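Peer 1: structure of the sequence below:
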Amino acid sequence: MTSLACALKGLQGERVALTNVSVAAVMNDLLAEVTMCQSYRNDEPVNIEAVYTFPLPLDAVLLDLQVEIGGRVLKGVVVEKKAAEEKYEDAIAEGDAAVMLEILEPGLYTMNVGNLLPNENATITFSYSVLYRWVGERLRVFIPTTIATRFGDSPHGPRQAPASSLFVENRFSLRMEIFGSLRDAQFTCPSHQVTFAPSTDKVVVSLEREKAAMDRDFILNVKALKASRSFAVCGSDGEGVAAIASFQPFFPGLQQPRQLNLAIVIDCSGSMQGDSIEQAKKAVGGIVDSLQASDRVALIAFGNTTYSLWNQLTPCTPANREAATHFAKQLASNMGGTQIGTALQTAYGVLSDVSSADILLITDGEVSAWRPVIEEARISGRRIFTVGVGNAVSEAFVRELAASTGGECELVSPREDMAERVIRHFERMRAPRAKRVIVHWPDDAFEVAPNKPGAVFDGDTVISSARFNDSSAAAQVALEVETETGETTRSELSISMAGSQTSEDQISTVARFAASMRLKELNDDAALNAALRYRLVSPWTNWLVIAARPEGLKAQDIPAIRKVPQTDPAMSILCSMQHPMSVRPPSAMREVVSSGILFQAGPVPGASAPLGSKSFLDGFEFFSSSSTKRSIPNIVEFLKAVPAEVWHEISLWASRDGLLDLSQRASAYWEMVRLEPNKQLSYKQARYGFDILREAHQTGFKLADTILSEARTLGVELSA
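Peer 2: I've put the predicted structure just below:
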């Protein structure tokens, strides 16, 4: 791919490009090592600083970094964060090249490539390792590629905050080699078209085409009926041995499944449009089908505001199940911003009088300030089970929210089996709770992590680590789980420390994994020391490379900042074609509303007056036969009649009215049409722009008569 293929054009027409990303992964049993290569080129006449924020798996442990620039190959070093930032800035001020990699939050990193000279290339290669986890008889290999637009103000600086673009298409190549027990497993890739090439010792997975757009996460599902599910592995620790044990416990079968008291919270914000909202609707439909007569449930949809089907837990009678099914079918991604905290507070209120109750949250997790939400959830005392949906789900938020409350997380991309994930969550909720979980390491083990295992569920993976001084001993490690019913299960693994994995400095990948597990439980000083000793990028440390230039080749000016944007996540064509129109509900829904089932009152999204005692479902959008016949060519022609400044005006108007999600989307679209006024719109871009314009019109923005006239001429429906 040329540097022009994915270039970002800035305000003055300047060009900066992430010209190539390649991924090579090697998977031995459950341990994968992934090498990622990012190539940059400066096509401008001035020196620049490229800043690229990108995702990695939440459990990734970064192993190595090297930079090729100016004909030299330099290895990265791990430096205390403040010192790394100072050395980086000093190098830039002196005209040298410098590269710094830092972690912003779990799963989110920023690559800073400073002082790229005109026509200069930089190739940055780093590797990370991931230990995958069994869930029943399957595991999920996950390589994120893009970051979706997040609701709310970013907690990160303007340089680092992720930003998506509709007209930038970063691309990547991928090759994965699978060895060990998994080479005989069943593989499916729901995210990309791939080829599988099996041989006697491995299976090679590669993209069917040379490159793919970085508009969706790469997912490989692995199903193995006979693979070994529990194992222990050791590695040199420099001064001894580090060990990691991975267990998959199975509890005795249930005699009587527990009754559920469940609040189901569904994200209907604008970021859920397309695949995500369709997945959410399938999930809720599957949940309703799985409920038993003894269960009690409440359903809550949210965006900027929150709407509830019943303001208390309600028995699953046939009539109520029918109402819940109708509720699910009417869900649409038309409720504005992602106010997850407010929605969860509503759920806490619904469950306030119940001693034992759970929350199931279905969301793409695209919210900027998510840490306060997790802290409130932890204080609530409720288990939260999360289903992260979409092509670019925020893994860190949905997983940490579940883990911090004693729940569990399932991620589901389009074309994955939603029903299977819902059933799995229901099995977890109904199972007896583990009241005592202990990992028994040998007596001479120390620095065991985690200190206290989190929630343990039947068939899920439990991982523990420890250190030993003696590198020649052999011993056993055991996992013991006692449930609230008094039943106890015990699993044992043998530890063989002889011949432990080593590296050049006698600190193995296993030892670095174990150290990364300890960091969360250490104070700042101890965490900094551990991160430096084990060469870990962390909240306390950055990776740094400085490439000193000869005196005559140093940059003479302060570099211009160039952010590399994310490729906008893909949306399903079918789903986006069927964006509904606001009309009165059909007679079937009116019958449900009038049958004595009460709905919480609230304003309709986009309405100027509250509904009073009517259901918010009255304001949900439904299809009409005419709306489904609307053609994209007509929409494209219509959008040509909309001046670029209108998108800017919508952004300002929406911001003043508190419609932040709409404001951000309109601002992004304004940037696109302003910089490329003659651009031929793709299907997705046309669909995206039309949805923004119609939402603004329906919520009170005054469109010019000429625009409305053009809509009528082309048969494009804007009004409710």
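Peer 1: in the stretch 151-300 of the chain, which spans are strands?
Peer 2: For the stretch 151-300 of the chain, applying DSSP state E, counting those that start in this stretch gives strands covering 164-165, 171-179, 186-188, 194-198, 203-207, 212-213, 218-223, 231-236, 241-247, 261-267, 296-302.
Peer 1: can you name every helix or strand that the first one contacts?
Peer 2: What that stands for is strand 164-165. strand 566-567, helix 660-675 (3 or more CB pairs under 8 Å, 6 or more residues apart in numbering; DSSP states H and E). Heads up, the C-betas are built off the backbone N, CA and C, glycines and all.
Peer 1: contacting residues around the last one?
Peer 2: By CB atoms under 8 Å, 6 or more residues apart in numbering, the surrounding residues in contact with helix 660-675 are 9, 149, 151-152, 164-167, 269-271, 303-304, 336-338, 644-645, 647-648, 650-652, 654-655, 679, 685, 688-689, 692, 695-696, 699.
Peer 1: and these, which are buried?
Peer 2: Listed as buried from the contacts of helix 660-675 are 149, 151-152, 164-167, 269-271, 303-304, 336-338, 647-648, 650-651, 654, 685, 688-689, 692, 695-696, 699; burial here means 16 or more other CB atoms under 10 Å.
Peer 1: pLDDT value on the spatially most central residue of the chain, please?
Peer 2: By CA atoms, centre = their mean, the chain has its centre lying nearest to Ser394, at 2.2 Å. pLDDT for Ser394: 91.
Peer 1: quick one: it and Gly365, what's the gap?
Peer 2: Separation of Ser394 from Gly365 (CB to CB, to the nearest Å): 3 Å.
Peer 1: identify the contacts common to these two.
Peer 2: Gly388.
Peer 1: output the below-cut-off pLDDT ranges for the chain.
Peer 2: By pLDDT under 70, the low-scoring segments of the chain are 1-16, 226-228, 253-256, 471-473, 498-505, 571-632, 675-679, 683, 720.
Peer 1: would you map out the domains in it?
Peer 2: The chain is divided into the following domains under automatic domain parsing: 3-150+162-223+541-567, 261-430, 630-720.
Peer 1: distance between the longest one and the chain's centre?
Peer 2: The one in question is domain 3-150+162-223+541-567. 17 Å (CA atoms, centre = their mean, to the nearest Å).
Peer 1: check stretch 303-317 too.
Peer 2: Counting by CA atoms, centre = their mean, stretch 303-317 comes out at 26 Å from the chain centroid.
Peer 1: now do the buried residues in that stretch.
Peer 2: Gly303, Asn304, Thr305, Thr306, Tyr307, Ser308, Leu309, Trp310, Leu313, Thr314, Cys316.
Peer 1: nearest to Ser352 among the residues you listed?
Peer 2: Leu313 (10.3 Å; CB to CB).
Peer 1: surely the closest one is in contact with Val350?
Peer 2: Yes: contact criterion CB atoms under 8 Å: Leu313 and Val350 qualify, at 6.6 Å.
Peer 1: from Asn115, how far off is the residue of the chain positioned farthest from its centre?
Peer 2: Note on the chain: the largest C-alpha distance from the chain mean falls to Gly552, namely 45.2 Å (CA atoms, centre = their mean). Distance from Gly552 to Asn115, counting by CB to CB: 15 Å.
Peer 1: one step back: which one of the domains of the chain is the most hemmed in?
Peer 2: domain 261-430 (a mean of 21; mean count of other CB atoms under 10 Å).
Peer 1: tilt between the longest strand along the chain and strand 218-223?
Peer 2: In the chain, with assignment by DSSP state E, the single longest strand is strand 15-28. Here strand 15-28 runs at an angle of 10 degrees relative to strand 218-223 (axes from the mean of the first three to the mean of the last three CA atoms, to 10 degrees).
Peer 1: show me what the very next helix or strand once past strand 15-28 is packed against.
Peer 2: Using DSSP states H and E, the helix or strand that follows strand 15-28 in sequence is strand 31-42. Applying 3+ CB pairs under 8 Å, 6+ apart, one finds that strand 31-42 makes contact with strand 15-28, strand 48-55, strand 108-116, strand 121-131.
Peer 1: format those strands as CSV; extra columns: distance to Thr541.
Peer 2: Output for the helices and strands packed on strand 31-42, formatted as CSV (distance: least, CB to CB, whole Å):
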stretch, distance to Thr541
strand 15-28, 24
strand 48-55, 18
strand 108-116, 13
strand 121-131, 14
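Peer 1: of those strands, which is nearest Pro633?
Peer 2: Among the helices and strands packed on strand 31-42, strand 15-28 sits nearest to Pro633 (CB to CB), with 31.1 Å.
Peer 1: so which elements touch the closest one?
Peer 2: Under the contact definition 3+ CB pairs under 8 Å, 6+ apart, strand 15-28 sits against strand 8-9, strand 31-42, strand 48-55, strand 138-143, strand 171-179, strand 560-564.
Peer 1: now that strand and strand 171-179, what's the angle there?
Peer 2: Using the same axes, to 10 degrees: strand 15-28 against strand 171-179 is 10 degrees.
Peer 1: kindly provide the distance from Asp217 to Ala455.
Peer 2: 25 Å.
Peer 1: equivalent analysis for Thr19, please.
Peer 2: Taking CB to CB, one finds Thr19 at 44 Å from Ala455.
Peer 1: what does Val422 give?
Peer 2: 18 Å.
Peer 1: now the strands for the stretch 351-500 of the chain?
Peer 2: 358-363, 383-389, 409-412, 434-440, 446-449, 462-468, 474-483, 488-496.
Peer 1: out of those, which is closest to Arg562?
Peer 2: Between the strands of the stretch 351-500 of the chain, strand 383-389 lies closest to Arg562; by CB to CB that is 31.1 Å.
Peer 1: can you list contacts of that closest one?
Peer 2: Taking CB under 8 Å, 6+ apart as the rule, strand 383-389 contacts 272, 275-276, 279-280, 283, 344, 358-365, 377, 394-395, 398-399, 401-402, 405-413, 421-422, 425, 428-429, 455.
Peer 1: tell me the spacing between the nearest residue to Val135 once chain neighbours are set aside and Pro453.
Peer 2: What sits nearest to Val135 in space, not counting adjacent residues and going by CB to CB, 6 or more residues apart in numbering, is Asp460, at 5.9 Å. Distance of Asp460 to Pro453, computed by CB to CB: 11 Å.
Peer 1: next one: Val46
Peer 2: 54 Å.
Peer 1: next: Glu322.
Peer 2: Relative to Pro453, and taking CB to CB, Glu322 is found at 42 Å.
Peer 1: what does Ala548 give?
Peer 2: From Ala548 to Pro453 the distance is 48 Å (CB to CB).
Peer 1: next: Arg415.
Peer 2: 33 Å.
Peer 1: repeat for Pro162
Peer 2: From Pro162 across to Pro453, the span is 33 Å (CB to CB).
Peer 1: and what of Gln330?
Peer 2: 41 Å.
Peer 1: distance to Thr713 for the strands of the stretch 151-300 of the chain - can I get that in CSV?
Peer 2: Formatted as CSV, these follow (distance: least, CB to CB, whole Å):
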stretch, distance to Thr713
strand 164-165, 31
strand 171-179, 39
strand 186-188, 47
strand 194-198, 46
strand 203-207, 44
strand 212-213, 35
strand 218-223, 44
strand 231-236, 68
strand 241-247, 64
strand 261-267, 37
strand 296-302, 36
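Peer 1: so which of those is nearest Gln566?
Peer 2: That would be strand 164-165 among the strands of the stretch 151-300 of the chain, by CB to CB, at 4.5 Å.
Peer 1: what lies in contact with that closest one?
Peer 2: 8, 146-149, 565-569, 668, 671-672.
Peer 1: hmm, back to that, taking the buried residues of stretch 303-317, tell me the two that lie furthest apart.
Peer 2: Asn304 and Cys316 (29.5 Å).
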